[in-house]
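**Q** next comes the sequence, and after it the predicted model I'd like to discuss.
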Amino acid sequence: MSIYAYDCLDKVWNTINNFKGGNAVFTQPNAPFKCGGAPQKIMYLAEDRFIKNGIRNKANVYFFSPRKKIFPVKKYARELNKVIKRKNIITKFRYDLLEILPETKKAVFEQVETGKRETICYAMLHVTPPMGAPEFIRNSKLSDESGWLDVNPYTLQHNLYQNVFGLGDAAKLTPMSKTGAAIRKQVPVVVKNLISLINERPLEARYNGYTSCPVITGYGKVILTEFDYHFKPAETFPINQAKERYSMYLLEKNILPWLYWHGMLKGRF
C-alpha cells in the first residue's frame, strides 16, 4: 500500500487504524521521488495513531532508507533524530527495497554499499515507489540518460535546445526534493529567462534550488524545512523552523492548501 497511489488512500488509513500489532515497515526509494518528507510523515502519523488506539507497545515501527541519515540538512536532521528516538522508531539506513513477497508477508532489502540482503516479516508495509518523468519525456531527445528533462539547474534552460525550458517534477534538478514549493520559485525564473531569450538578452534569472517540505511529526506537530541546493536552510519565518510547532501544523493543514488551489494554480502566488 502507498499514499502515492490515489486508489490506495482508503486502504492506507484503514490498515493503520485497524493495525493490531507486529512489524510496521515504511520505506523510501533509492531514486528521486515526490516530496522528500512524505515517507516519514505517514510513518510519524501512523505511530501517533498506534498510540491513540492503545496498541503502540505491540508495534515495531521500522524505517528503511537508502540514505545515510534521516534528512540531508543537518539542522533539521538533528531534530528529526530526536523525534525518532522519542517515538522509538527502528531506522535501517543504506537499505533499499528490492522485493515484496506478499504471500508470506516478507520484504527483501539490499544494503546499498555491500549488496547484502536482509528479509523482514511485516504485518503492515508502506512503500514509497521509485518515480520518473512521464514516458513522453523519458523517450524523447529532451531527456538525459536517467530519463529526466535535461535542463540547467540554475537557468532552467535545456542543455541542448535553447528554446526549451523546464521546471517541476519532471526536470532534472537534483539533489532537490520535488515539491510544489520548489515550483513556485522556479516559475518566475523561467518567465524572466524566457523573456530574455526572446529579446536576445543574457539569461540573468537564477533558481537557487529552494525547496520546502513541512514534515508532519505527529498530530498537531510540524517541522517546516526550507533549504537550497547546498542544503543550507532558507527559512521564511523569523523563528527556529527546526522545532516542532503547532503553528506550522496549521500552516500545512489550512493555509498551504488554500494557497495552492487559489494562488499557485491561478498564477497569483
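**A** Cool, got the structure.
**Q** per-residue confidence at residue 95?
**A** pLDDT for residue 95: 97.
**Q** give me the number of residues near it?
**A** 24 (other C-beta atoms under 10 Å). Glycine gets a C-beta too; all of them are placed from N, C-alpha and C.
**Q** could you check how far it is from residue 251?
**A** The gap separating residue 95 from residue 251 is 33 Å, by C-beta to C-beta, to the nearest Å.
**Q** and the strands in the stretch 1-150 of the chain?
**A** Assigned by DSSP state E, counting those that start in this stretch, the stretch 1-150 of the chain shows strands spanning 22-27, 59-65, 90-93, 95-101, 106-111, 117-121, 124-126.
**Q** who does the third one touch, helix- and strand-wise?
**A** If contacts are counted by 3 or more C-beta pairs under 8 Å, 6 or more residues apart in numbering; DSSP states H and E, strand 90-93 sits against strand 59-65.
**Q** off-centre distance for the strand it packs on?
**A** Centroid separation for strand 59-65 versus its chain: 17 Å, with C-alpha atoms, centre = their mean, to the nearest Å.
**Q** now do stretch 43-54
**A** With C-alpha atoms, centre = their mean, you get 21 Å for stretch 43-54.
**Q** kindly report the same for stretch 61-80.
**A** 12 Å.
**Q** and for stretch 16-33?
**A** With C-alpha atoms, centre = their mean, you get 15 Å for stretch 16-33.
**Q** can you give me the end-to-end distance of it?
**A** One end of stretch 16-33 sits 23 Å from the other (C-alpha to C-alpha, to the nearest Å).
**Q** how about that stretch: buried residues?
**A** 16, 19, 23-30, 32-33 (16 or more other C-beta atoms under 10 Å).
**Q** which of those residues sit farthest apart?
**A** Within the buried residues of stretch 16-33, 19 and 32 form the most distant pair, 29.8 Å apart (C-beta to C-beta).
**Q** surely residue 47 is in contact with residue 60?
**A** No - with contact defined as C-beta atoms under 8 Å, residue 47 does not count as touching residue 60 (10.8 Å).
**Q** between the strands of the stretch 1-150 of the chain, which one is nearest to residue 42?
**A** strand 124-126 (5.9 Å).
**Q** what lies in contact with the closest one?
**A** With contact meaning C-beta atoms under 8 Å, 6 or more residues apart in numbering, strand 124-126 is reached by 1-3, 12, 15-16, 19, 22-27, 39, 42-43, 46, 100, 105, 107.
**Q** then stretch 95-102?
**A** With C-beta under 8 Å, 6+ apart as the criterion, stretch 95-102 contacts 27, 29-30, 64-66, 106-112, 117-118, 125, 127.
**Q** with stretch 215-234 instead?
**A** By C-beta under 8 Å, 6+ apart, stretch 215-234 touches 37, 40-41, 44-45, 47-48, 71-76, 79-80, 83, 153, 175-176, 181, 208-214, 235-237, 241-246, 248-249, 251-252.
**Q** try stretch 3-20
**A** Counting by C-beta under 8 Å, 6+ apart, 1-2, 34, 38, 42, 45-46, 49-50, 53, 55, 58-59, 123-124, 126, 128-129, 131 sit against stretch 3-20.
**Q** helices along this structure, start to end?
**A** 9-17, 38-52, 74-87, 135-138, 180-198, 246-250, 256-259 (DSSP state H).
**Q** give the buried residues for the longest one.
**A** To tie it back to what came earlier, the one meant is helix 180-198. Buried, per 16+ other C-beta under 10 Å, within helix 180-198: 180-186, 189-190, 192-194, 196-197.
**Q** now find how far off-centre the helix or strand bottoming out on mean pLDDT in the chain is within its chain.
**A** Scoring the helices and strands of the chain by mean pLDDT, DSSP states H and E places helix 256-259 at the bottom, with a mean of 93. Remark: helix 256-259 is offset 18 Å from the chain centroid, using C-alpha atoms, centre = their mean.
**Q** packing partners for it?
**A** Counting by 3+ C-beta pairs under 8 Å, 6+ apart, helix 256-259 packs on no helix or strand.
**Q** show residues contacting that helix.
**A** By C-beta under 8 Å, 6+ apart, helix 256-259 touches 214, 269.
**Q** for that helix, buried residues please.
**A** Those would be 256, 259, for helix 256-259 by 16+ other C-beta under 10 Å.
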